[in-house]
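Asks: For reference, the sequence and a predicted model appear below.
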Amino acid sequence: MTPRAHSFDLPATLRDAAWPATNEPGYAAQTSWLTGADACQTIIADWRDLADNASEPNPFYEPHMLLPAMTHLPGGSKVHVIAIHASPHSNRLIGLVPVKITNTYLGLPVRSAQSWKHIHCFLATPLLRKGHEQDALRGIIAALRARHITVMRFAHSAADGAFAAALATILNTKNHAQAETRRFERAILQSTTSADDYIAAAISRKKRKEYGRITRRLAEEGSVTFEAVEVTDPAAVEGAALEFLALEQSGWKGRNGTAIAQQPAEQRFFLDACRAAAARKTLNTLTLRVNNTAVASIINFTGTAHGTAPDAGAGLFSFKIAYDEGFARYSPGVLLELELTARTLADPSLAFADSCANPDHPMIDHLWRERRVMHDINIAVSPATPAWLLGATRLLEACLATAKTKARAMLAFAATALRRRNS
C-alpha cells in the first residue's frame with residue numbers, strides 16, 4: 001500500500017538549494033531533454049555510438065528496445081530521455097538515461113525522478129561512455145537540478161561496475177546524501193572454461209545423468225534439434241518471434257491472461273524490439289525442436305561495451321523463455337539453457353551472459369554459478385538535501401516491500417484454499 005501524502009512540505013531554503021545548475025571548473029557538457037520516442041529519433045546515430053562505446057552494456061536502454069517501449073508501453077509517452085553531450089558544440093554523447101518525474105515520492109511531497117524500468121526491462125543502468133563516466137553523471141545530476149528534482153532513484157542498476165564506481169566517487173566527493181534501498185544478486189555466466197568442464201562443476205553427476213536420460217527419452221519422440229534464427233532474414237525473425245509468442249501463450253501465462261500475445265501493447269513492443277534488434281544483429285534466439293516443432297524457445301539480446309563490468313566485450317542478456325507444457329516431463333527449459341550455456345562459453349565474442357532473473361531463481365541459479373550484484377539507490381541531487389530525507393525514502397521503500405510480501409503471501413494462501421475447495 002502506498003503511504004498517503006501529508007500536508008507538510010520541504011523548507012523553502014532546502015528546495016531552492018537543490019535547484020541551481022552546476023558550474024564546476026572544466027565541466028562543459030551539454031544536456032538535451034527529449035520527451036517521447038519521436039523526439040529521440042534526432043539522436044539515433046549518436047545514441048548507437050554511445051551504446052557501442054559504453055563502459056557497461058545495457059540493451060534495454062539502446063534504441064532498438066527503449067524506443068518500442070516508449071511508443072507502446074504504458075507511461076512511455078511521458079518518459080524523458082536525458083542525453084549528455086561532450087560539449088555544447090558536439091554531437092558526441094557521453095551519457096543517456098530515461099527517467100520518469102513525479103511531484104511526490106511514495107507520499108512524500110518531494111519532486112523526484114527515477115530511471116525508467118517498465119515491465120519488460122531487467123536492467124536500468126545508464127549508458128555512460130567509457131572514460132567519461134563521471135562527466136556524464138555530473139551532467140545528469142545537473143540536468144535534474146535544473147528541473148527542480150530533489151531525489152533521483154537509480155533502480156535496478158548494476159552495483160559492481162563503472163556506473164556504481166563513478167556515482168560513488170561523485171557523491172562522496174560532493175557530500176551528496178544517498179540511500180541504498182535494496183541490494184541483491186542474480187545469476188550470470190562468466191567463465192573461460194569449456195562447456196563440459198563448467199557444467200560438470202555446476203551440476204552434480206547424478207543430475208547430469210538424469211539430463212542425459214531425459215535427452216535420450218526426448219529423442220524417442222522424434223528428431224531433436226536446436227535452431228538459432230538467422231537475423232539477416234526478416235521473415236525468419238518474424239516467424240521466430242511469433243512462434244515464441246504462441247508457445248508462451250500455450251502455457252500457464254496464457255491461462256493466467258498474462259502472456260505477451262494477450263496484451264496488444266506488449267505484443268507490439270515485443271515484435272518491434274525483435275525486428276529492430278535483428279536489424280542491428282543484436283537479437284539472439286535459440287529454439288529446441290522435436291520433429292521441427294518448437295518445444296522450448298528463448299529470446300535474448302546482446303549488448304556491446306568496452307568497460308570491465310562484468311568484463312570487456314559483448315554481453316548476452318536473457319529476455320524471455322517459454323516451453324510446451326506437453327513436454328514438461330523432459331525439462332525442455334533446462335535442456336535449452338544447457339545448450340545456451342555451451343554455445344555462450346564457446347563463443348569468443350561473448351564475455352558473459354546475464355540471466356536477468358530474479359534472485360534465488362530455482363533453475364538458473366543452480367546452473368550459472370557467477371553472480372552480478374544489483375541495487376536500487378536513491379541520491380540527493382544537491383549536497384544541501386539532508387540525509388534524513390534520503391533515510392525517509394529508504395524507510396518508505398522497506399515498508400512498501402513488506403506490504404508487497406504480505407500481499408503475495410495472502411494471494412498465495414487464497415489461491416491454495418480455492419484449489420482445495422474445488423478439488
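Replies: Yep, that arrived. Numbering: from 1, shown residues only.
Asks: from here on, contacts and neighbour counts on C-alpha atoms
Replies: Noted.
Asks: Now the element after the helix-or-strand element of the chain with minimal mean pLDDT, going C-ward?
Replies: Least confident helix or strand of the chain, by mean pLDDT, DSSP states H and E, is helix 12-17 with a mean of 36. Per DSSP states H and E, the first helix or strand lying C-terminal to helix 12-17 is strand 30-35.
Asks: Now do whatever helix or strand comes next after that following strand: which elements does it pack against?
Replies: Following strand 30-35 in sequence order, the next helix or strand is helix 37-40 (DSSP H and E). Contact partners of helix 37-40 among helices and strands, from 3 or more Cα pairs under 8 Å, 6 or more residues apart in numbering; DSSP states H and E: helix 63-72.
Asks: Quick one: mean pLDDT over the helix it packs on.
Replies: Summarised as a single mean, pLDDT over helix 63-72 is 97.
Asks: Same check on stretch 303-322?
Replies: Stretch 303-322 shows a mean pLDDT of 75.
Asks: now stretch 325-345
Replies: The average pLDDT for stretch 325-345 rounds to 96.
Asks: Residues touching it, excluding its own?
Replies: When contacts are defined by Cα atoms under 8 Å, 6 or more residues apart in numbering, stretch 325-345 is touched by residues 189, 191-196, 211, 214-215, 217-218, 250-251, 286-288, 295-298, 321-324, 350, 352-353, 363.
Asks: Pull out the buried positions in that stretch.
Replies: 325, 330-333, 335-341, 344-345 (16 or more other Cα atoms under 10 Å).
Asks: elements contacting the top helix by length along the chain?
Replies: Longest helix of the chain, by residue count under DSSP state H: helix 387-422. The helices and strands touching helix 387-422, judged by 3+ Cα pairs under 8 Å, 6+ apart, are strand 178-189, strand 370-380.
Asks: picking up where we left off before, report the buried members of the contacts of stretch 325-345.
Replies: Buried members of the contacts of stretch 325-345, counted by 16+ other Cα under 10 Å: 189, 191, 195, 211, 214-215, 218, 250-251, 286-288, 295-298, 321-324, 350, 352-353.
Asks: What residues does residue 377 make contact with?
Replies: Counting by Cα under 8 Å, 6+ apart, residue 377 touches 153, 154, 155, 178, 179, 180, 181, 182.
Asks: re the thing from before, and the longest helix of the chain, which residues are buried?
Replies: Using 16+ other Cα under 10 Å as the test for burial, helix 387-422 gives 387, 389, 390, 391, 393, 394, 396, 397, 400.
Asks: isn't the third one right next to residue 179, touching?
Replies: Same thing as residue 390. Yes - in this structure, residue 390 is within contact of residue 179 by Cα atoms under 8 Å, at 5.7 Å.
Asks: what sits in contact with each of the two?
Replies: Common contact partners of residue 390 and residue 179 (Cα under 8 Å, 6+ apart): 378, 379.
Asks: hang on, the earlier thing: the longest helix of the chain versus strand 178-189: what angle between them?
Replies: 50 degrees (axes from the mean of the first three to the mean of the last three Cα atoms, to 10 degrees).
Asks: Please report how far the nearest residue to residue 282 once chain neighbours are set aside lies from residue 121.
Replies: Distances taken as Cα to Cα, 6 or more residues apart in numbering place residue 302 nearest to residue 282, at 5.0 Å, with adjacent residues excluded. Applying Cα to Cα, to the nearest Å, the value for residue 302 to residue 121 is 14 Å.
Asks: Between the two, which is the more surrounded one?
Replies: Taking other Cα atoms under 10 Å, residue 302 and residue 121 do not tie; residue 302 has more neighbours (23 against 17).
Asks: wouldn't that one be in contact with residue 349 here?
Replies: No - using Cα under 8 Å, residue 302 makes no contact with residue 349, being 10.4 Å away.
Asks: shared neighbours, those two?
Replies: Shared contacts of residue 302 and residue 349, counting by Cα under 8 Å, 6+ apart, come down to residue 314.
Asks: Let's have the buried residues of helix 387-422 in JSON lines, adding distance to residue 259 and pLDDT.
Replies: Below are the buried residues of helix 387-422 laid out as JSON lines (distance: Cα to Cα, whole Å; pLDDT from 0 to 100):
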{"residue": "387", "distance to residue 259": "42", "pLDDT": "90"}
{"residue": "389", "distance to residue 259": "40", "pLDDT": "91"}
{"residue": "390", "distance to residue 259": "37", "pLDDT": "90"}
{"residue": "391", "distance to residue 259": "38", "pLDDT": "91"}
{"residue": "393", "distance to residue 259": "33", "pLDDT": "90"}
{"residue": "394", "distance to residue 259": "33", "pLDDT": "89"}
{"residue": "396", "distance to residue 259": "32", "pLDDT": "89"}
{"residue": "397", "distance to residue 259": "29", "pLDDT": "88"}
{"residue": "400", "distance to residue 259": "26", "pLDDT": "85"}
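Asks: just these now: which is nearest residue 107?
Replies: Among the buried residues of helix 387-422, residue 396 lies closest to residue 107 (Cα to Cα), at 8.9 Å.
Asks: residue boundaries of the strands in the chain?
Replies: Secondary structure of the chain by DSSP state E: the strands cover 30-35, 80-85, 93-102, 112-115, 127-128, 151-158, 178-189, 224-227, 283-290, 293-305, 313-323, 350-354, 370-380.
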